[in-house]
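Enquirer: how would this look folded up:
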Amino acid sequence: MKMRYKLLAAFTGALSISMVLFLFFCYYSLHNGFFSGISREDMKQALVQGEQLFSETGDEVTVLQELEAYYEDMDFALLDAGSWQTIAEVPVLANEADLLSAINGQNEGCREYVTAATTVMQERHTAYMVCFVNRMKFEAMSYEFNMPRASGLLGKLAIVGVLITLVITSVVVYAIQREYEEKEHYEKRRKELISNLSHDLRTPLSSVLGYSEMLKNGIYDDEAEQRQYIDIIYHKAVYMEKLLSELLEYSRLELGTIRLQKQKMDITELVREILIEYYPEMEKNHYEFVLEIPDEPIIGTWDKEKIGRVLRNLMDNALKYGMDGKRLRISVEKKEKQVHVEIQDFGKGIPQKEIPHVTEQFYRADHARNSKQGGMGLGLFIVQEIIKLHNGSFYIESKEQQGTKIRVGLPL
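Expert: Numbers count the residues shown, from 1 in each chain. Predicted coordinates:
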C-alpha cells in the first residue's frame, strides 16, 4: 500500500475511533451527571431543605450555618422584617423587585451570582430565604467557550472531544512514523545484504572459475598441484553453499514458512557430533578445546536439524572472531526445566554498545574485520529466531579483551 493511502486510512481510522469514544463519553456524561455541577434544581432543593429546618428550629443563624455546611458551593441569606441575616459575605438584592424575580426564577439578580429565593413563614409575617451561587460554579449548558463559561457542559464535552482526537491522532502518526523508519532501516539493511552477498560470492566464484579453467587446460605442474586446485575449488564451493543456505534459512524465517520437525534426541550426542566436524580446524590452528559435557544423555524434544544449525552458527562465529586466545570452552548442563549449551571464546570480545545489535538482521560488528571474514550478518539472527521457535532462551555476555560467552537454553 502506498504511503499516502496508508496515511489517509490511518487518519480516517483515528477520526472514527475518536468519534466513537467521544460519543460514549457524551453518553456517560449526560446520563451520569458528570458535569452537571450546580443547577437551579439544586438551588431549589437547598431552599426546600432550608424551609424545613426553619420550620423545625425557627433559629435563623442555626439554619444558615447548617445550610452553609451542607452545601459548600452555595451561600444563603435571610431577609426578615427588612433586615438581612448572612453567614458568608454575599451581595444582598437591591430591591423588592429583584427579590420577587429571584423567587420566580426570572432574574439572576446580579452579575457575579446566580440567585434563587423562597418564602419562609414566621409567626405573624413572611420572611425570605435567598440562595447565591457564584457564576463560575453554576454550570449551565452553553455553546460559548470563553473562560467564564468554559465550565459549561457542552464546552467541556467539546474540549474532551478535541483532546481525544489529538491523542489518538498523535498515537497513529507516531506508529506510522515508526513503521516508516523501520521500513527505511530494513531497506538499508537489505541493500547491504545484496552488496555483501555479491561481494562474498564474487571472490570464491572467481577462484572456482579460475582454478577450474586451469584444471581444464592442464595448467598445473604435477598431481599434487592438481589435488591442491581441486581442494581449493571444493572449499570455495562449500563456502558459497553455506552462504546461500543461510540466506534461504533467513528467507523462511522472514516469511514464517519454517516448520519445526521435533523429535526426541540427546543434546549431548548432537554437540559431540558437531564438535567432531571442527576438530581438524582446531588441531590445525593448535586451538584448545575445553569440554564440559556430562556422560549421561540429556533427552528433549527439538528439531535436530535446526538446533544443529544453531550450534554450527555459534561455532563458526567463535572460530572466526574469538580465537585470539586460542581456546574454546563448550559446556552442556541441565538446569531445572532447561538444558543450557554454552560456547565461550577468549578473544577480543564485543564492545558493549554493539551487544544489543549483534542479533539484528544484516548487522556485522567491527566491519573492517568482518569484511575480511565474510558473512552476511545473519548468523546470530537465525540463532535467536530458531531458539524463539523452540520457546527457549538466548543470552550473550562479552567483555572486551576477555572474550564472549553465548548461552542458549532449550526447554526439556
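Enquirer: contact partners of stretch 212-230?
Expert: Stretch 212-230 is contacted by residues 211, 233 when judged by C-beta atoms under 8 Å, 6 or more residues apart in numbering. Backbone N, C-alpha and C define where each C-beta goes, glycine included.
Enquirer: tell me the mean pLDDT over that stretch?
Expert: Summarised as a single mean, pLDDT over stretch 212-230 is 89.
Enquirer: before we move on, what about stretch 90-103?
Expert: Mean predicted lDDT for stretch 90-103 stands at 68.
Enquirer: just stretch 18-26 next, same as before
Expert: With pLDDT averaged residue by residue, stretch 18-26 scores 73.
Enquirer: for that stretch, buried residues please.
Expert: Along stretch 18-26, the positions that meet the burial threshold by neighbour count (16 or more other C-beta atoms under 10 Å) are 18, 21-22.
Enquirer: for these, which one is nearest residue 210?
Expert: residue 18 (66.4 Å; C-beta to C-beta).
Enquirer: so that closest one is in contact with residue 160, correct?
Expert: No: with contact defined as C-beta atoms under 8 Å, residue 18 does not count as touching residue 160 (10.6 Å).
Enquirer: so what's the residue count around residue 73?
Expert: The number of residues packed around residue 73, counting by other C-beta atoms under 10 Å, is 12.
Enquirer: report the central residue of this structure.
Expert: The chain has residue 175 as the residue nearest its centroid, 10.2 Å off, counting by C-alpha atoms, centre = their mean.
Enquirer: hang on, it in a helix?
Expert: Yes: counting by DSSP: H, G, I helix; E, B strand; the rest coil, residue 175 is part of a helix.
Enquirer: for it, give its distance to residue 25.
Expert: Counting by C-beta to C-beta, to the nearest Å, the separation of residue 175 from residue 25 is 23 Å.
Enquirer: now swap in residue 195 and tell me
Expert: Taking C-beta to C-beta as the measure, residue 195 falls 53 Å from residue 25.
Enquirer: if we can go back for a sec, would you turn the buried residues of stretch 18-26 into CSV with secondary structure and distance to residue 83?
Expert: Conversion of these to CSV gives the following (DSSP: H, G, I helix; E, B strand; the rest coil; distance: C-beta to C-beta, whole Å):
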residue, secondary structure, distance to residue 83
18, helix, 57
21, helix, 55
22, helix, 52
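Enquirer: okay, and the helix or strand of the protein with the least pLDDT?
Expert: Lowest mean confidence among the helices and strands of the chain (mean pLDDT, DSSP states H and E): helix 367-373, at a mean of 44.
Enquirer: all helices of the stretch 301-412 of the chain, in order?
Expert: Ranges of helices within the stretch 301-412 of the chain are 304-321, 367-373, 379-389, based on DSSP state H, counting those that start in this stretch.
Enquirer: show me what the last one is packed against.
Expert: Helix 379-389 is packed against helix 223-255, helix 304-321, strand 393-399, strand 403-411, with contacts defined by 3 or more C-beta pairs under 8 Å, 6 or more residues apart in numbering; DSSP states H and E.
Enquirer: go with 10 Å
Expert: With contacts defined as 3 or more C-beta pairs under 10 Å, 6 or more residues apart in numbering; DSSP states H and E, the secondary structure elements packing on helix 379-389 are helix 223-255, strand 299-303, helix 304-321, strand 393-399, strand 403-411.
Enquirer: of the ones you listed, which is nearest residue 187?
Expert: Once C-beta to C-beta is applied to the helices and strands packed on helix 379-389, the stretch that comes out nearest is helix 223-255, at 13.8 Å.
Enquirer: residues of that closest one that come out buried?
Expert: Within helix 223-255, the residues that qualify as buried are 226, 229, 232-233, 236, 239-240, 243, 246, 249-250, 253, counting by 16+ other C-beta under 10 Å.
Enquirer: okay if I get these as JSON lines plus distance to residue 406?
Expert: Putting the buried residues of helix 223-255 into JSON lines (distance: C-beta to C-beta, whole Å) gives the following:
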{"residue": "226", "distance to residue 406": "41"}
{"residue": "229", "distance to residue 406": "37"}
{"residue": "232", "distance to residue 406": "31"}
{"residue": "233", "distance to residue 406": "33"}
{"residue": "236", "distance to residue 406": "28"}
{"residue": "239", "distance to residue 406": "23"}
{"residue": "240", "distance to residue 406": "26"}
{"residue": "243", "distance to residue 406": "21"}
{"residue": "246", "distance to residue 406": "17"}
{"residue": "249", "distance to residue 406": "18"}
{"residue": "250", "distance to residue 406": "19"}
{"residue": "253", "distance to residue 406": "19"}
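Enquirer: of those, closest to residue 84?
Expert: The nearest one, if we look at those relative to residue 84 and count by C-beta to C-beta, is residue 253, at 85.3 Å.
Enquirer: give the contact list for the closest one.
Expert: By C-beta atoms under 10 Å, 6 or more residues apart in numbering, the residues touching residue 253 are 361, 378, 381-382, 384-386, 388-389.
Enquirer: what is the nearest of the residues you listed to residue 339?
Expert: residue 386 (15.1 Å).
Enquirer: isn't that closest one right up against residue 408?
Expert: Yes: in this structure residue 386 lies within contact range of residue 408 using C-beta atoms under 10 Å: 9.0 Å.
Enquirer: okay, and for the stretch 251-400 of the chain, where does confidence drop off?
Expert: For the stretch 251-400 of the chain, residues meeting the criterion pLDDT under 70 lie at 364-376.
Enquirer: where does the nearest residue to residue 402 once chain neighbours are set aside fall, phi/psi-wise?
Expert: Closest residue to residue 402 apart from its sequence neighbours, by C-beta to C-beta, 6 or more residues apart in numbering: residue 349 at 5.6 Å. As for residue 349, its main-chain torsions (degrees, to the nearest 10) stand at phi 80, psi 180.
Enquirer: residue 349 reaches residue 400, doesn't it?
Expert: Yes: the pair formed by residue 349 and residue 400 meets the contact definition of C-beta under 10 Å, at 4.3 Å.
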